[in-house]
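Novice: Structure for this input, please:
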Amino acid sequence: MALKVEHEIHQRRLGKNMGVGLILVGFIAIVFGLTVVKVIQLGEVEAFERFDHVARPQIIPEEGSN
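Specialist: Residues are numbered from 1 along each chain as shown. As a prediction, this is how the structure comes out:
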């Protein structure tokens, strides 16, 4: 004799859990997308290093290199 009675609160919790789950999946997708874009830029290291907001002497063009 198994009782399987669902109360209204179970339906509301399921809806809230689904909403939180979708928000979590969306956040993970955004972070993953930003990571992929950043890693793709690794092919051109000089362009990638410029966005680190750190002064790097190796990327400053020398006067006679043109």
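
Novice: pLDDT weak spots in this protein?
Specialist: 1-3, 43-56, 58-59, 64-66 (pLDDT under 70).

Novice: Okay, and K4 sits in which element?
Specialist: For K4, there is no helix or strand it lies in under DSSP states H and E.

Novice: neighbours of it, just the number please.
Specialist: By the criterion of other Cβ atoms under 10 Å, K4 has 4 neighbours. No exception for glycine: its C-beta is placed from N, CA and C like everyone else's.

Novice: any idea how far it is from L42?
Specialist: 54 Å (Cβ to Cβ, to the nearest Å).

Novice: likewise V31?
Specialist: Taking Cβ to Cβ, one finds V31 at 17 Å from L42.

Novice: Over to V20?
Specialist: For V20, the distance to L42 - Cβ to Cβ - is 34 Å.

Novice: Let me know the secondary structure of P61.
Specialist: Secondary structure assignment for P61 (DSSP: H, G, I helix; E, B strand; the rest coil): coil.

Novice: burial count for it?
Specialist: 8.

Novice: G21 in helix, strand or coil?
Specialist: helix.

Novice: which ones are touching it?
Specialist: By Cβ atoms under 8 Å, 6 or more residues apart in numbering, the contact set of G21 is empty.
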